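> sequence and predicted structure are below.
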Amino acid sequence: MVTKILNGLVVAEAIKDSLIERVQKLKNDDITPCLATILVGNDPSSETYVKMKGNACEKLGIQSKRIHLPEETTTKELIACIEELNNDPQVDGILLQHPVPSHIDERAAFEMIAIEKDVDGVTSRGFGKLSFGFEQYPCCTPAAIMAIIDYYDIEVEGKHAVVIGRSPILGKPVSMLLLNRNATVTMCHSKTVNLPDFVKQADIVIAAVGRPKFVQGDWIKEGAVILDAGYNEGNIGDVDYDACFEKSSSITPVPGGVGPVTISMLLKHTVESAEHRANKSIKINN
Ligand code: NAP
């Protein structure tokens, strides 16, 4: 069996390419898609992530409105900032970089993001809509996983997908997306007993654990598809790549797998939101 490497860089480029024309069309109608990013404090990794997202926007002609609030910002002040962006008709998407400093009620802040601008899929209302199969922007990493699955034409319906991790931004939403595509989904977490036994039954393995090389080669069923969302210090995934490569039919590398597609999905959601704005203004003008 020849294992196929699911190259996220190729998928990310294809998504970005598909957005160029859409951004131009919006600009022809005097609409510049705009993503507002909010960074609170001076965490160096968060600063880097926000910068990367802003730069990726600008490369594609999407406006990046970067808001940097001081470390001592209160929950109330952060919420006021989000409300201002909610009410700004030029802003299509709002991304609150997390984690925020620990004195801030992060969940309360997320929940204030207007649902139509929740391009990062962080509100619980957005998660509810997504789970019901309604139109809504999923979190970007789950969306990236699905984009890779679609790009490489991986069959989901009827397959057994085992998701390791149940975080609100990754494990839970990706489980819902797979379920909505008629996979049979098993969710594993830190309290799962005999976790390897579940993984051994999986046609599709999604690793979203946050532990380097957690998924072992001898847990993998011959021919399984592996998508590794993990990103640990030293560019190491949540999957023991070399050991799992042997058993899988296809696998995402780290780096160069899910990561690069995640930013592309953020851009895609922002453009989609701007298209909704354009459609609304057409209706109003008519
Ligand atoms: P998280 O919030 O820390 O959640 C980790 C999940 O893994 C939890 O549900 C936890 O279970 C489970 N878990 C932890 N240890 C386990 C163990 N020993 N056995 C079974 N389950 C275990 O992490 P996250 O934000 O979802 O991120 C997960 C990974 O994805 C990280 O490596 C992160 O860096 C990466 N990530 C990548 C991107 C990207 O763009 N590529 C974006 C976001 C995150 P409990 O719920 O029981 O605690």
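Alright, I've got the coordinates.
> surely Val163 forms part of a strand?
Yes. Val163 forms part of a strand when assessed by DSSP: H, G, I helix; E, B strand; the rest coil.
> any idea what it is bridged to?
Listed by DSSP bridges, the beta-bridge partners for Val163 are Met187, Ile206.
> and for it, the neighbour number?
By other CB atoms under 10 Å, 32 other residues sit near Val163. No exception for glycine: its C-beta is placed from N, CA and C like everyone else's.
> roughly how far apart are it and the ligand?
As judged by CB to the nearest ligand atom, to the nearest Å, Val163 and the ligand stand 9 Å apart.
> that residue contacts Val209, doesn't it?
No. In this structure Val163 lies outside contact range of Val209 using CB atoms under 8 Å: 9.9 Å.
> in stretch 10-25, which residues are buried?
Of the residues in stretch 10-25, Val10, Val11, Ala12, Ile15, Lys16, Leu19, Arg22, Val23 count as buried by neighbour count, 16 or more other CB atoms under 10 Å.
> for those, which one is nearest the ligand?
Distance to the ligand across those (CB to the nearest ligand atom) is lowest for Ala12, with 11.1 Å.
> check the gap between that closest one and Val205 for me.
21 Å (CB to CB, to the nearest Å).
> kindly report the same for Ile149.
Distance from Ile149 to Val205, by CB to CB: 12 Å.
> does the ligand sit close to the host helix or strand of Met265?
Assigned by DSSP states H and E, Met265 belongs to helix 258-285. Yes. Helix 258-285 is in contact with the ligand by CB under 6 Å from any ligand atom, via Val258, Gly259, Thr262.
> most surrounded residue in those?
Neighbour-wise, the residues of helix 258-285 next to the ligand (other CB under 10 Å) top out at Val258, 31 neighbours.
> got a list of contacts for stretch 23-39?
Here stretch 23-39 makes contact (CB atoms under 8 Å, 6 or more residues apart in numbering) with 46-47, 50, 53-54, 57, 60-69, 78, 81-82, 85, 88, 90-97, 119, 266-267, 270-271, 273-275, 277-278, 281.
> buried set for that stretch?
Val23, Leu26, Ile31, Pro33, Cys34, Leu35, Ala36, Thr37, Ile38, Leu39.
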